[in-house]
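Undergrad: Test case, fold it:
(chains A and B)
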Protein chains: 2
Amino acid sequence: MSVKQYIETNKERFLGELFSLIRIPSISAKSEHKPDMIACAQKWTELLLAAGADKAVVMPTQGNPVVYGEKLISPDAPTVLVYAHYDVMPAEPLDLWKSDPFEPEIRDGRIWARGADDDKGQSMIQVKGFEIALREGLLGCNVKFIFEGEEEIGSPSLESFCEANKELLKADVILVSDTSMVGKETPSLTTGLRGLAYWEIEVTGPNRDLHSGHFGGAVANPINMLCKLMADITDADGRITIPHFYDDVEDVSAVEREMIAQIPFDEAAYKKAIGVEELFGEKGWATLERNSCRPSFDICGIWGGYTGEGSKTVLPSKAYAKVSCRLVPHQDHHKISEMFEKYIASVAPACVKVKVTPMHGGQGYVCPIDLPAYKAAEEACTIAFGKKPLAVRRGGSIPIISTFEQVLGVKTVLMGFGLEQNAIHSPNESCELELFYKGIEAVAEFYRIYK
Amino acid sequence: MSVKQYIETNKERFLGELFSLIRIPSISAKSEHKPDMIACAQKWTELLLAAGADKAVVMPTQGNPVVYGEKLISPDAPTVLVYAHYDVMPAEPLDLWKSDPFEPEIRDGRIWARGADDDKGQSMIQVKGFEIALREGLLGCNVKFIFEGEEEIGSPSLESFCEANKELLKADVILVSDTSMVGKETPSLTTGLRGLAYWEIEVTGPNRDLHSGHFGGAVANPINMLCKLMADITDADGRITIPHFYDDVEDVSAVEREMIAQIPFDEAAYKKAIGVEELFGEKGWATLERNSCRPSFDICGIWGGYTGEGSKTVLPSKAYAKVSCRLVPHQDHHKISEMFEKYIASVAPACVKVKVTPMHGGQGYVCPIDLPAYKAAEEACTIAFGKKPLAVRRGGSIPIISTFEQVLGVKTVLMGFGLEQNAIHSPNESCELELFYKGIEAVAEFYRIYK
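TA: Numbers count the residues shown, from 1 in each chain, chains lettered A, B, ... in the order given. Below you'll find the predicted structure:
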């Protein structure tokens, strides 16, 4: 039967398989979920074997295990390595969810759950596309699967896993569904990603919480000082002030800026969707440049002092922040991380102690659009979506993509089916059912075309 | 028997009565403790009657009830109104306590518990001093007690209670034990207090938490913006930058600054006690001026974004801070509160929404040192501590003191027995047993002298 018919016949089963994955709260950032990580990896081996893989195993790493699976049809055929991740972001703040984040619900033609898109939904798209191509005799290449459980915490164990398993992971191209498209009516493939550096900052003032009446004005308040340190990292023009921060930033050519300007973008709708009156970003750059080709600095979390109900006067002992920079191609996250640590050390006032802990990082990435696998993905999406996908850069980071390039020497095609409104990493993450099935169709077509 | 003998004979009972109060977690800032507030007020009526009051009742207010008690010996004798509070600060962070904050423990000659000093310990000193003077036939004045349950949240109901009960509360002077002394070897009475203004700030960026990769750099981050707003409130010289903030600040005369300079102060020991390498405060003023005669700005709490384990990249929707200014005589907290709101509104950037909620406030206070009750307190302390107490200004705020002056037309004598190392408002609050008993002696002597 046709790819479309196969999907129509099996759509309920596909959803059931996805739901069985979602119900396992595989939150890599929280150590209490270790057993869920194992359970989720184990579940994937079952699903891969059921989809037609000849082999599917859970392989240990220094951290959460990796799932490896394969279907090898011929030594002469090219090999695709499918990378995905089975871990998800924490679901907090839980009170903003309209339904249980780990009990998927179908409402308004969408699947609502943590991981509905990122990356359980998208990895299921990959596996079901593979199943169809295999079962219908369309598969023209060997397929290997590597699903990790630490993507949301920066893939700390995957590089050494790749180093140790170069032969096993040997492939001609890597295929990843973990990115989003410009819009439902504007399919796109991602050709660039930002890098990332992430730090935790601890500011210590007095050795205990003090009475702000008895000490206020005479002893430095660590929250006041943390705010000053954070405020000084960006200037009024939205530029990062750390010396030499922009030294290695890739020049964006006039041609490229022209292409970006052609991406359909309705600023009023964008602002309305996220509920802001005005946008803010680096002076001299458009919104779609600011969030893809330019670095950024975000305080992801901050806490200190009394945060409960009512009003407690206190001069606290400690203040903390979790901060990150999105980086762009040519900015090395190791170099930036060192630069950041040195900068903070140089500006931290002597009245408090400031500790910077680098958490994780990753390099940016660029994919050439004349790569055979890219061409195949382009053709496959054109069939599934009825429109040639745009080649666009995205602002997110998948640090492992550049690691694959360095360690395995292989380029990656980013064939993702998410949408910005899917609210990944946020409460009420979701995925439109129609796009879930179109994605499966596109992947099945990819396996037919790429040989 | 002598005051000292009475204390020696009854010391275990005094402690038991204090512990029965401490065991009731009367935390006014948290609504779930409402039943504890009632229980604590009830307990006080029993203790006041047992100490010899003719009457002790729980009286309702708009908020937590007030405990009123009295012992009237003669219409011709002067009347002292003893004010105290039975509510306590929240005990968080709980993990830093060496023993249960609400199960008092004696270690190293000290009582360890939330409220051991502020204000359960000190109010017990008042009541036991009264008991001794009464039982031993020394009492030369009428005594009224008013114990409120909302001091730690700014006494929102007490002003209207006083307005409604002016006749009942009529007195010649108010006596309060809720302040600290310069040191164990340097007894002191407090002659000045700072005022207070307190606000909660809510900064809203996007209508939901966003992926910092997809939006970072293009959409204002509310934590980044909150840090900038907070950082700008003080300058590098530790001065508050809000226009007109210092307009009404009381001039501190050269004579007064000379007196302050005579207070024993060991900066090295002060820094060591609180564990800081350097002090920080307003340029041009000494530490003991900065924390008593000069206003201050402290961020008491801050929170927003991801604050859990590990590293979550997010561009959050909201960020919050609880902030306060300590004010000095002549600064009106209503005027300052309006000024602060206007200032924030004028500098808040259009890319976020900023909401300022005034929480509570109070005026500063000055006590004349030729007041008869002040003189009596001075003599009583000289007997108990063997040294004439210094007259000093303190940096803390007891907003109700200036309200008493306005509503009841009565001055207050601040006869407090705390010490800075008692760590009020902090984990491991404590009170030295020796000072607890010396305080009781001083109060008993006060009642003998003041007639």
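Undergrad: Next, A:Ala41: secondary structure please.
TA: Per DSSP: H, G, I helix; E, B strand; the rest coil, the local secondary structure of A:Ala41 is helix.
Undergrad: Would you check that it makes contact with A:Gly149?
TA: Yes - counting by C-beta atoms under 8 Å, A:Ala41 does reach A:Gly149; the two are 6.1 Å apart. All C-beta atoms are positioned from the backbone trio N, CA, C, and that covers glycine.
Undergrad: Those two: who's more crowded?
TA: The neighbour count for A:Ala41 versus A:Gly149, taken as other C-beta atoms under 10 Å in any protein chain shown, is higher for A:Gly149 (30 against 24).
Undergrad: got a list of what the more buried one touches?
TA: By C-beta atoms under 8 Å, 6 or more residues apart in numbering or on different chains, the contact list for A:Gly149 reads A:Ser26, A:Ser28, A:Met37, A:Cys40, A:Ala41, A:Gly63, A:Asn64, A:Pro65, A:Val66, A:His85, A:Tyr86, A:Asp87.
Undergrad: Give the full set of residues in contact with the closest residue to the first one other than its chain neighbours.
TA: If you skip the residues right next to it in sequence, A:Ser26 has A:Cys40 as its closest partner in space, 4.0 Å away by C-beta to C-beta, 6 or more residues apart in numbering or on different chains. With contacts defined as C-beta under 8 Å, 6+ apart, A:Cys40 is in contact with A:Leu21, A:Ile24, A:Ser26, A:Tyr86, A:Asp87, A:Gly149.
Undergrad: before we move on, what about A:Tyr68?
TA: Each residue near A:Tyr68 by C-beta under 8 Å, 6+ apart is listed here: A:Lys55, A:Ala56, A:Val57, A:Met59, A:Lys144, A:Phe145, A:Ile146, A:Asn165, A:Leu168.
Undergrad: which of those residues lies closest to B:Ser324?
TA: A:Ile146 (53.3 Å; C-beta to C-beta).
Undergrad: Where does the closest one sit: helix, strand or coil?
TA: Judged by three-state DSSP, the three-state class of A:Ile146 is strand.
Undergrad: sorry, back to before: return a ChimeraX selection command for the buried portion of the contacts of A:Tyr68.
TA: This is how ChimeraX selects the buried members of the contacts of A:Tyr68, with burial counted by 16 or more other C-beta atoms under 10 Å in any protein chain shown:
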select /A:56,144,145,146,165
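Undergrad: Check the contacts of A:Tyr68 and tell me the two furthest apart.
TA: Across these (C-beta to C-beta), the longest gap, 15.0 Å, separates A:Ala56 and A:Asn165.
Undergrad: Keeping just the C-alphas, turn stretch A:322-330 into PDB.
TA: Below are the C-alpha coordinates for stretch A:322-330, written out as PDB (Å, rounded to 0.1, in the frame of the first residue of the first chain):
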ATOM      1  CA  LYS A 322      21.600  30.100  36.200                       C
ATOM      2  CA  VAL A 323      22.700  31.900  33.100                       C
ATOM      3  CA  SER A 324      23.300  31.000  29.500                       C
ATOM      4  CA  CYS A 325      24.700  32.400  26.300                       C
ATOM      5  CA  ARG A 326      23.500  31.200  22.900                       C
ATOM      6  CA  LEU A 327      26.600  31.200  20.600                       C
ATOM      7  CA  VAL A 328      26.900  31.400  16.800                       C
ATOM      8  CA  PRO A 329      29.200  29.500  14.400                       C
ATOM      9  CA  HIS A 330      33.000  30.100  15.100                       C
END
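Undergrad: If you average the pLDDT over it, what comes out?
TA: Average pLDDT, stretch A:322-330: 94.
Undergrad: just stretch A:173-185 next, same as before
TA: 92.
Undergrad: wait, does it contact chain B?
TA: Yes - Stretch A:173-185 comes into contact with chain B (C-beta under 8 Å from any C-beta of the partner chain), by way of A:Ser180.
Undergrad: Using PDB, write out the CA atom coordinates for that stretch.
TA: What follows is stretch A:173-185, C-alpha atoms only, in PDB (Å, rounded to 0.1, in the frame of the first residue of the first chain):
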ATOM      1  CA  VAL A 173      25.000  11.000   7.200                       C
ATOM      2  CA  ILE A 174      23.200  11.600  10.400                       C
ATOM      3  CA  LEU A 175      19.500  12.300  10.400                       C
ATOM      4  CA  VAL A 176      17.900  14.200  13.300                       C
ATOM      5  CA  SER A 177      14.300  15.200  14.000                       C
ATOM      6  CA  ASP A 178      14.600  17.700  16.900                       C
ATOM      7  CA  THR A 179      14.100  21.000  15.200                       C
ATOM      8  CA  SER A 180      11.100  23.000  14.100                       C
ATOM      9  CA  MET A 181       9.700  24.400  10.800                       C
ATOM     10  CA  VAL A 182       9.000  28.000  10.100                       C
ATOM     11  CA  GLY A 183       5.300  27.200  10.000                       C
ATOM     12  CA  LYS A 184       2.700  24.600   9.200                       C
ATOM     13  CA  GLU A 185       2.300  26.200   5.700                       C
END
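Undergrad: Using CSV, write down the CA coordinates of stretch A:387-405.
TA: This file holds the C-alpha atoms of stretch A:387-405, laid out as CSV (Å, rounded to 0.1, in the frame of the first residue of the first chain):
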residue,chain,number,x,y,z
LYS,A,387,5.9,22.7,-0.9
LYS,A,388,9.7,22.9,-1.2
PRO,A,389,11.1,23.5,2.3
LEU,A,390,13.1,26.7,3.1
ALA,A,391,16.7,26.4,4.2
VAL,A,392,16.8,28.3,7.5
ARG,A,393,19.1,28.9,10.5
ARG,A,394,17.6,28.4,13.9
GLY,A,395,18.5,29.8,17.3
GLY,A,396,18.4,26.6,19.3
SER,A,397,21.3,24.5,20.2
ILE,A,398,21.9,20.8,19.7
PRO,A,399,25.5,20.7,20.9
ILE,A,400,26.0,17.1,19.9
ILE,A,401,25.6,17.9,16.2
SER,A,402,29.0,19.6,16.1
THR,A,403,30.4,16.8,18.2
PHE,A,404,29.3,14.3,15.7
GLU,A,405,31.1,16.2,13.0
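Undergrad: does chain B sit close to it?
TA: Yes - under the criterion of C-beta under 8 Å from any C-beta, chain B is reached by stretch A:387-405 at A:Arg394, A:Gly395, A:Gly396, A:Ser397.
Undergrad: Stretch A:365-385 too?
TA: No - figure legend: stretch A:365-385 not in contact with chain B (C-beta under 8 Å from any C-beta); closest approach 12.4 Å.
Undergrad: list the buried ones in that stretch?
TA: Residues of stretch A:365-385 classed as buried: A:365-367, A:371, A:373-374, A:376-381, A:383-385 (neighbour count, 16+ other C-beta under 10 Å).
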